[in-house]
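A.B. asks: Take this sequence and fold it.
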Amino acid sequence: MRVRKSILKELKGSERGMSYAEIAAGPGKGIRPAQVRETLSQLVRSGQVTEHPPGHFSALASRYELTGRLSVNPRGYGFVSSPSGDVYVAGRDMHGAMHRDLVAVRLFQRTHGMGQAGEVLRVEERANDRIVGRFDKQGRMAIVTPTDRRVQGDVFVGRAGFGGAVTGQIVVVKITQFAGPGTAAQGVVEEVLGLDTDPGVDVEIVIREHGLRTEFSQAIDAAAAAIPDVIGPIGPERTDLRDLLTVTIDPVDARDFDDAISVEPREGGGWRLWVHIADVSHYVEWGDLIDEEAVQRATSVYLVDRVLPMLPQRLSNGICSLNPGVDRFTMTAEFDLDATGAPLSYRLYPSVICSDHRLDYDAVDHMLQTDSGWPDAPSKRLLRSFKACSAALGRRRVDRGGLDFESVEAKVWLDPEGKPLSVTLHERSVATNMIEEAMIAANEVVARHMRDHEAPMVYRIHEDPAPDALAAIAPVLKEFDYPVKDIGSATPRTFQKLIAYAAKRPERLLMNSLLLRALKRARYVDYLDKHFGLASDAYCHFTSPIRRYPDLIVHRLLKAQLAGTLDVGAVAAMVGELDWLADHSSQMEREADAAEKDSVKVKLTELMAQRVGEVFDGIISGVTTQGAYVQLDNTAEGFVHVSRMQDDYYEFDAERFLLRGSRSGRNRRLGEQVRVKITDAIISDRRIEMEFV
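C.D. replies: Below is the predicted model of the structure:
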């Protein structure tokens, strides 16, 4: 407590703030560095101190002020994510702040239906200095209207900044002056993408809206080319597992393979499970050129027509990928499990493997269902043991309260020019569950190991759902007569009961989606907390270092902990950056998820534009004062405006989340199965319009 008060007092007396080194040499002098870092992290999480830029700390003016990233909803309002919780900000209270800006927020004494509310006091850091939008020449000026509805306000461009653009084209404009009180944003055209109907422009818009990086520099390509495409000498710290039967199981179109599996039955029951993960940290060190770019990207992005990898392909598809028949360096989590899936013991160590088979989910499902198509007899034994082992792990996870949401993923197939041809739907299968359970088990054993050794760490946490979010779905559950009395005090087991109840009902996927949206997003942090969705007391991401930066961090920390070198060299320098690295990775994960969904949505809209006038089955997925959202079987979602509901005059019943016909009393409610006609599909807006039939 004395250290906390001393640091806070010193920060409040400093107008410019203080660096970590200054704090350590001042109020933190004589205190263990780990305690100083933890105290600063606690002050940041409490909202009393802000860290910006990374490693520089300032005291906030009052307890009613905090800083965080602003995330704007297309409907105009937003939330500021901060260590002490999310703050709702109405559109009128943003005061010129834009999506993803780092802002200081003043908290209101009152709350809002969305929870704690506030207003933006100032922008600490601009996230968007470039905007993608539609160019409209108006005399000597032009207006660029953002295509991203999360970005509020137009950008004005003078004639000298047209950059050759003509009305109707999609452009990237660099902002030279941000909007302020009574003034509009100004900028110059930096790039002309073309008309929104030109091939490929639709996905290019998505890429630029989300600020994704698409190319590696020549220097990074050269650095990647300098890395050998075969492993080097095998050091004494590595366990040689090349004679152990090992397989990878991934989607059929996967190109990079992070993880591989080995399984053997144990005498007396149970299994020995090995989870081998690509040792990317052997090739990408903290602070090197490739790492600096990986930090910025923080994740690979899987768009509808391409992958934007976190690492250069020479690494992600080459020396780091666990391709069959080649030696690869790995980090292995090996553990013994009893017949119930309970862990008996574990080992974590650097290793070298040689994958025997590259299998895919569809093929493994076919083998297990038909008892045919096995690569060989040993692989058959491995896969059967793995199925039994993963089933035991899954039962144990569910028994403690872990959640299994049902969902459907749409895969849009494109022709060589990017035109959508068809959609296939993918649900969870036996094979995907097998891999998922093994990965969860490995992530947990690593997190608990680091926790028990009190080592610095980046954890994956999932906080309890907010009472306001739970209260918002209570009327829906009541309307559907679901067996829950008090959703406000819901535990993981409450959600389990609701998911099980929905399983055999027509609205099962809708209800799973509504329940999932009521939960908070999981995120990365540098402190230990629980994971609500997995009902886990310690969890991390360890199993995908090729495509997720937090996993790469965890590998470095784990290797250093095992070697006793956490306090020396590059890893020691990285430890001081864990707070902002975790926060940045969470932000980039959200951006990547949104970009992936937007890229699928634009192609689904384009596909349905080819079907205007046709009739489809669907389910009402949302109801508002303006009308009803309808999701088709192929996951495309459209909107039926109340003006197109010709059979009656419909009014919105907010308490029951339905539209009620004023004359007939007919209801249009969530989960109702309906038939709709596609009346229009506006590709540039990713909007499908429908009417009931």
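
A.B. asks: May I ask which helix or strand encompasses the residue nearest the centre of the chain?
C.D. replies: By C-alpha atoms, centre = their mean, the chain has its centre lying nearest to Glu589, at 3.7 Å. Using DSSP states H and E, Glu589 sits within helix 578-609.

A.B. asks: Once you drop chain neighbours, what's closest to the residue nearest to the centre of the chain?
C.D. replies: Leaving out its chain neighbours, the residue that sits closest to Glu589 by C-beta to C-beta, 6 or more residues apart in numbering is Thr299, at 5.6 Å. For the C-beta atoms, the positions are set from N, CA and C on the backbone; glycine is no exception.

A.B. asks: now Leu43
C.D. replies: Closest residue to Leu43 apart from its sequence neighbours, by C-beta to C-beta, 6+ apart: Val49 at 3.9 Å.

A.B. asks: Show me the protein divided up by domain.
C.D. replies: If you go by automatic domain parsing, the domain ranges for the chain are 2-59, 65-125, 130-195, 218-461+527-598, 467-519, 611-692.

A.B. asks: and the ones you listed, which one is worst for confidence?
C.D. replies: In terms of mean pLDDT, the lowest-scoring of these is domain 2-59 (a mean of 77).

A.B. asks: could the domains of the chain go into CSV alongside distance to Ile207?
C.D. replies: Shown next, in CSV, are the domains of the chain (distance: least, C-beta to C-beta, whole Å):
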stretch, distance to Ile207
domain 2-59, 26
domain 65-125, 15
domain 130-195, 9
domain 218-461+527-598, 7
domain 467-519, 26
domain 611-692, 14
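
A.B. asks: With Val203 as the reference, name the closest of the ones you listed.
C.D. replies: domain 218-461+527-598 (5.6 Å; C-beta to C-beta).

A.B. asks: Just list the residues touching the residue nearest to Leu43, thanks.
C.D. replies: 8, 11, 40, 43, 57-60 (C-beta atoms under 8 Å, 6 or more residues apart in numbering).

A.B. asks: ok, those residues vs Trp274, which is closest?
C.D. replies: The nearest member of those to Trp274, counting by C-beta to C-beta, is Leu40 at 38.8 Å.

A.B. asks: Might one say that the closest one is in contact with Glu51?
C.D. replies: Yes - between Leu40 and Glu51 there is a contact under C-beta atoms under 8 Å: 7.5 Å.

A.B. asks: more crowded one of these two?
C.D. replies: More crowded of Leu40 and Glu51, by other C-beta atoms under 10 Å: Leu40, with 25 against 20.

A.B. asks: Please name the residues that touch the more buried one.
C.D. replies: Applying C-beta under 8 Å, 6+ apart, the residues contacting Leu40 are 7, 20, 23, 49, 51, 57.

A.B. asks: Give me the common contacts of Leu40 and Glu51.
C.D. replies: Common contacts of Leu40 and Glu51 (C-beta under 8 Å, 6+ apart): Phe57.

A.B. asks: still on that earlier bit, from the contacts of Val49, which is closest to Asp551?
C.D. replies: Leu40 (25.0 Å).

A.B. asks: Now do the phi/psi pair for that closest one.
C.D. replies: Torsion angles at Leu40 (phi, psi; degrees, to the nearest 10) stand at phi -60, psi -40.

A.B. asks: ranges for the strands of the stretch 101-250 of the chain?
C.D. replies: 102-112, 115-125, 130-138, 141-146, 155-158, 169-177, 185-195, 239-240, 247-250 (DSSP state E, counting those that start in this stretch).

A.B. asks: same question but for the stretch 251-400 of the chain, I mixed them up
C.D. replies: Under DSSP E, counting those that start in this stretch, the stretch 251-400 of the chain gives strands at 259-265, 271-278, 301-302, 307-308, 327-337, 343-354, 357-360.

A.B. asks: quick one, which of the ones you listed is packed in tightest?
C.D. replies: Most buried of the strands of the stretch 251-400 of the chain by mean neighbour count (mean count of other C-beta atoms under 10 Å) is strand 271-278; its value is a mean of 25.

A.B. asks: List the pairing partners of that strand within its sheet, with orientation.
C.D. replies: Strand pairing for strand 271-278, determined by DSSP bridges: strand 259-265 (antiparallel), strand 327-337 (antiparallel).

A.B. asks: Throw those strands into TSV and include distance to Phe216, thanks.
C.D. replies: Output for those, formatted as TSV (distance: least, C-beta to C-beta, whole Å):
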stretch	distance to Phe216
strand 259-265	24
strand 327-337	22
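
A.B. asks: Nearest to Val36, out of those?
C.D. replies: For the strands paired with strand 271-278, the distance to Val36 is smallest for strand 327-337, at 30.1 Å, taking C-beta to C-beta.

A.B. asks: who are the neighbours in contact with the nearest residue to Ile234 once chain neighbours are set aside?
C.D. replies: Nearest residue to Ile234, sequence neighbours excluded (C-beta to C-beta, 6+ apart): Val352, at 5.5 Å. By C-beta under 8 Å, 6+ apart, the contact set of Val352 is 231, 234, 238-242, 327-330.

A.B. asks: Can you give me the separation between Val352 and Arg381?
C.D. replies: With distances taken as C-beta to C-beta, to the nearest Å, Val352 is found 23 Å from Arg381.

A.B. asks: ok, for Gly85, nearest residue in space, not its chain neighbours?
C.D. replies: Closest to Gly85 by C-beta to C-beta, 6+ apart is Gln116, at 6.4 Å.

A.B. asks: Pairing partners for that neighbour in the sheet, please.
C.D. replies: With DSSP bridges as the rule, Gln116 is bridged to Thr111.

A.B. asks: do the same with the one 4 residues further on
C.D. replies: Beta-bridge partners recorded for Val120 (DSSP bridges): Val105.

A.B. asks: okay, now it: neighbour count?
C.D. replies: Val120, neighbours per other C-beta under 10 Å, totals 20.

A.B. asks: is it true that it touches Met94?
C.D. replies: Yes - under the criterion of C-beta under 8 Å, Val120 makes contact with Met94 at 5.3 Å.

A.B. asks: Okay, the residue nearest to Leu43 and Arg106: tell me how far apart.
C.D. replies: 17 Å.

A.B. asks: cool, His641 as well?
C.D. replies: Counting by C-beta to C-beta - His641 and Arg106 are separated by 38 Å.

A.B. asks: just Ala447 next, same as before
C.D. replies: For Ala447, the distance to Arg106 - C-beta to C-beta - is 37 Å.

A.B. asks: the more surrounded of those two?
C.D. replies: For Ala447 versus Arg106, neighbours defined as other C-beta under 10 Å are more numerous around Ala447 (24 against 16).

A.B. asks: In contact with the more buried one, which residues are there?
C.D. replies: Counting by C-beta under 8 Å, 6+ apart, Ala447 has contacts 457, 459-460, 536, 538-540, 542.

A.B. asks: who wins for most neighbours among these?
C.D. replies: In terms of neighbours by other C-beta under 10 Å, the contacts of Ala447 top out with Phe542 at 32 neighbours.
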